[in-house]
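K.L.:
No letters, just coordinates:
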């Protein structure tokens with residue numbers, strides 16, 4: 001962390017307590033973060049894999065601290081009461097979880113309100129929690145780092161909207177570059193005069209100044225914040241999109257503009273009912289839509305992506321040693337899942353190496369999915385056999401996984417479905433298969449059936465029992481059986497090997513290795 005951003009040593013700041021004592025740490029002890037924003041106050045408790053932390057606990061209260069701030073210069077009185085009540089509860093919850101003190105940050109509303117310092121003192125007096133107020137530059141940086149935690153290869157412009165402000169930050173090569181803050185939060189925009197015409201002119205003027213500073217060359221914009229997520233959920237609804245996971249949901253500028261127009265023509269109460277959006281959040285959607293429409297027109301991105309990660313995740317990323325940051329979040333999460341839920345933790349790695357001959361020419365982005373599938377192949381074994389195939393599909397497509405696009409989620413889900421089931425015909429999950437090409441569906445089936453064979457070929461390690469050889473040019477799949485292990489290739493194993501060959505559309509050959 002830059003020296004100018006770190007609080008004095010005697011104070012500690014939100015980063016004073018080291019989260020990663022060991023630079024090689026893969027596990028994360030329970031860590032609680034409180035984010036006091038202009039609109040919401042949230043407690044998140046992280047646990048599990050350090051590079052891909054699980055949300056052990058997550059609670060949000062829509063307090064509206066920044067409501068009316070632009071007009072009065074003070075925190076909203078009712079919002080202040082609700083925020084204090086929420087923080088009292090969070091402090092008690094943290095004690096109940098027996099974890100280290102909470103890391104608490106406050107953003108635009110507390111930082112700009114004349115009674116912000118008084119509120120901080122009240123919070124500390126009533127709850128023991130110390131709110132660390134961060135400036136707009138720091139808010140932008142932490143939000144961008146949150147995006148990098150779940151999206152390591154992010155390249156573009158992070159746009160974080162809160163109730164009272166909107167921050168922009170560049171991300172490239174795993175680093176955060178220039179950043180800037182602006183008064184484009186919905187609560188601020190409620191005070192703009194001149195009707196819709198005046199509002200749009202104000203937004204355009206501010207965005208053009210931001211564009212002059214940050215540039216309009218960014219191909220991707222990453223959206224962070226509840227108002228953006230609400231709009232993205234509405235985009236899904238309008239399009240009839242088959243998945244509702246918001247993280248890494250990708251939109252085109254044209255789709256965004258069409259959705260914003262649709263929102264303007266629709267009844268908000270009806271949209272709320274269709275998407276399950278809260279009343280407080282939906283009330284801010286029209287103003288947020290005006291800002292997003294301006295962003296699309298001024299910055300002209302080619303793609304707009306949604307990040308479910310922001311400041312809270314940025315607090316974790318801040319302290320991660322570089323060695324840990326470089327690990328793949330997907331593989332780390334899959335390893336933890338295997339350790340926690342598989343019958344034989346460690347078998348996934350052996351299965352992966354046994355199947356590698358089938359993917360000898362695969363690019364790295366494909367191999368990471370193969371590895372993740374192998375690690376996850378046995379994590380739903382406790383499910384009822386009749387529903388195991390669909391249960392594992394549901395688990396992986398809805399799981400809290402970073403660095404995984406929606407098509408990749410479906411690909412992983414389909415491989416795991418075929419790990420337990422030969423056919424997908426008539427599956428209720430068919431609408432999701434539409435996110436994949438015919439080639440990707442075929443590849444998922446092959447990987448799934450390969451795991452289906454390899455996972456039962458040998459209990460300890462499939463490589464102990466035999467070796468796969470795949471000649472793509474000759475369209476030949478060979479299984480070399482090791483001495484004294486031939487009996488493992490029984491009727492069921494033979495049938496699964498034949499099913500794999502059928503999916504590959506190749507001939508088979510069974511040979512015996514020399515003693």
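P.N.:
That came through, no problem. As the structure is a prediction and not an experimental result, all values here were calculated from the model.
K.L.:
Quick check: closest non-adjacent residue to residue 353.
P.N.:
Nearest non-adjacent residue to residue 353, counting by CB to CB, 6 or more residues apart in numbering: residue 463, 6.5 Å away. (Glycine included, C-beta is placed from N, CA and C.)
K.L.:
Give the buried residues for whatever helix or strand that neighbour lives in.
P.N.:
Applying DSSP states H and E as the criterion places residue 463 in helix 462-465. Buried residues in helix 462-465, counting neighbours by 16 or more other CB atoms under 10 Å, are found at 462-463, 465.
K.L.:
roughly how far out does the helix or strand following that helix sit from the chain middle?
P.N.:
Following helix 462-465 in sequence order, the next helix or strand is strand 466-471 (DSSP H and E). Remark: strand 466-471 is offset 37 Å from the chain centroid, using CA atoms, centre = their mean, to the nearest Å.
K.L.:
Neighbouring strands of the very next helix or strand once past strand 466-471 in the sheet, and parallel or not?
P.N.:
For strand 466-471, the following helix or strand on the C-terminal side (DSSP H and E) is strand 476-481. Its sheet considered, strand 476-481 pairs with strand 466-471 (antiparallel), strand 507-512 (parallel) by DSSP bridges.
K.L.:
what's next to the last one, contact-wise?
P.N.:
Strand 507-512 is contacted by residues 475-481, 483, 486, 489, 497-498, 501 when judged by CB atoms under 8 Å, 6 or more residues apart in numbering.
K.L.:
before we move on, the earlier item: didn't the residue nearest to residue 353 look like it was pressed against residue 352?
P.N.:
No: with contact defined as CB atoms under 8 Å, residue 463 does not count as touching residue 352 (10.5 Å).
K.L.:
Pretty sure residue 454 sits in a helix.
P.N.:
Yes: judged by DSSP: H, G, I helix; E, B strand; the rest coil, residue 454 forms part of a helix.
K.L.:
how close does the nearest residue to it once chain neighbours are set aside get to residue 493?
P.N.:
Among residues not flanking residue 454 along the chain, residue 462 sits closest, at 4.5 Å (CB to CB, 6+ apart). Going from residue 462 to residue 493 by CB to CB, to the nearest Å gives 10 Å.
K.L.:
for the helix holding residue 463, packing partners?
P.N.:
helix 347-355, helix 438-457 (3 or more CB pairs under 8 Å, 6 or more residues apart in numbering; DSSP states H and E).
K.L.:
got the ones you listed as JSON lines, with mean neighbour count and distance to residue 140 columns?
P.N.:
Converted to JSON lines, the helices and strands packed on helix 462-465 look like this (neighbours: other CB atoms under 10 Å; distance: least, CB to CB, whole Å):
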{"stretch": "helix 347-355", "mean neighbour count": "21", "distance to residue 140": "39"}
{"stretch": "helix 438-457", "mean neighbour count": "21", "distance to residue 140": "36"}
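K.L.:
closest to residue 393 out of these?
P.N.:
With CB to CB as the criterion, residue 393 lies closest to helix 438-457 of the helices and strands packed on helix 462-465, at 10.3 Å.
K.L.:
Can you pull the domain assignment for this structure?
P.N.:
Each domain of the chain is listed here as a residue range: 3-134, 137-312, 329-512, per automatic domain parsing.
K.L.:
Out of the helices and strands packed on helix 462-465, which is closest to residue 396?
P.N.:
helix 438-457 (11.5 Å).
K.L.:
The closest one vs helix 347-355, what angle?
P.N.:
If you take axes from the mean of the first three to the mean of the last three CA atoms, to 10 degrees, helix 438-457 sits at 110 degrees to helix 347-355.
K.L.:
Identify the residues contacting helix 438-457?
P.N.:
By CB under 8 Å, 6+ apart, the list of residues contacting helix 438-457 reads 347, 351, 354-355, 358, 366, 370, 373-374, 377-378, 407, 411, 414-420, 422, 424, 433, 436, 462, 465-466, 488-489, 492-493, 496-497, 499-500, 503-504.
K.L.:
For PyMOL, write the select line for the buried members of these.
P.N.:
Of those, the buried ones can be selected in PyMOL as follows, counting by 16+ other CB under 10 Å:
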select buried, resi 347+351+354+355+358+370+373+374+377+378+407+411+414+415+416+417+418+419+420+422+424+433+436+462+465+466+488+489+493+496+497+499+500+503+504
